[in-house]
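Chemist: Sequence and predicted structure, then a few things I'm wondering about:
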Amino acid sequence: DGGITQSPKYLFRKEGQNVTLSCEQNLNHDAMYWYRQDPGQGLRLIYYSQIVNDFQKGDIAEGYSVSREKKESFPLTVTSAQKNPTAFYLCATSRGASRETQYFGPGTRLLVL
Amino acid sequence: GQQVMQIPQYQHVQEGEDFTTYCNSSTTLSNIQWYKQRPGGHPVFLIQLVKSGEVKKQKRLTFQFGEAKKNSSLHITATQTTDVGTYFCAGLTGGGADGLTFGKGTHLIIQP
């Protein structure tokens, strides 16, 4: 949605390299989330944050790391420990607790060379 | 952990036919949300259901939440080419501390 930006749109990673995906929002939402989507599959939660300087692991956190130093920003680092990183990564926000509507950014497609 | 199953995975229909996707949870849900993702796009929120037995309509789309709050359905009447995409349900358990649990989605393919 218009208030959530993700960059880059496409990202290429070499073997053994860490890469960071950006997610910025100007909706003043408290909660932010990272999901991974594989071709033809649903969304799997990687990490989420309900408040600045706090975040929790989702279902598939291994090989990923996040930070939440500012309310507006929730970057995701895909580390070399993630052995199968090729996927579509979606950032989402919600106004408060996760029971609220989630708004998704346009996504970043990560490809491993 | 909570699981949300969604069927069918793929549905081919002729334009003008009806379409239904079903969502079932292994646990009771506090609410269920539905999202649509167009090909190459990102999920967009459609609706949220909270009450047992709730039915909501958006033009040709009808959403239902089961009496036991463990299942839900989305029905589209007289499909149009603009309905093409993947429809996801996403359930939330009572605690609410975790994110939504998404179903794998139903891919709707419409043949003109």
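Modeler: Right, received. Where do you want to start?
Chemist: Now do whichever residue of chain B sits closest to chain A against residue B:21, distance only.
Modeler: Across chain B, the shortest distance to chain A (C-beta to the nearest C-beta) belongs to residue B:104, at 3.8 Å. Quick note: C-beta positions are derived from backbone N, CA and C, even for glycine. Distance, residue B:104 to residue B:21, using C-beta to C-beta, to the nearest Å: 11 Å.
Chemist: residue contacts, residue 21?
Modeler: Just so you know, I chose chain A. Counting by C-beta atoms under 8 Å, 6 or more residues apart in numbering or on different chains, residue A:21 touches A:6, A:7, A:11, A:75, A:76, A:77, A:78, A:89, A:91, A:108, A:110.
Chemist: that's the wrong chain, I meant chain B
Modeler: B:6, B:7, B:8, B:11, B:73, B:74, B:87, B:89, B:106, B:108.
Chemist: Just grab the bridge partners of it for me.
Modeler: residue B:74 (DSSP bridges).
Chemist: circling back: and which of the contacts of residue A:21 is nearest residue A:23?
Modeler: Among the contacts of residue A:21, residue A:91 lies closest to residue A:23 (C-beta to C-beta), at 3.5 Å.
Chemist: How many neighbouring residues does the closest one have?
Modeler: Neighbour count of residue A:91, defined by other C-beta atoms under 10 Å in any protein chain shown: 27.
Chemist: and stretch B:77-84, how far out from the chain's middle?
Modeler: Computed by C-alpha atoms, centre = their mean, to the nearest Å, the chain-centroid distance of stretch B:77-84 equals 15 Å.
Chemist: Need the distance between the two termini of that stretch.
Modeler: This stretch, stretch B:77-84, spans 13 Å end to end (C-alpha to C-alpha, to the nearest Å).
Chemist: if we look at it, which residues are touching it?
Modeler: B:13, B:15-19, B:38-39, B:60-62, B:76, B:108-110, B:112.
Chemist: how does it look with 7 Å?
Modeler: The contact list for stretch B:77-84 (C-beta atoms under 7 Å, 6 or more residues apart in numbering or on different chains) reads B:13, B:15-19, B:39, B:60, B:76, B:108-110, B:112.
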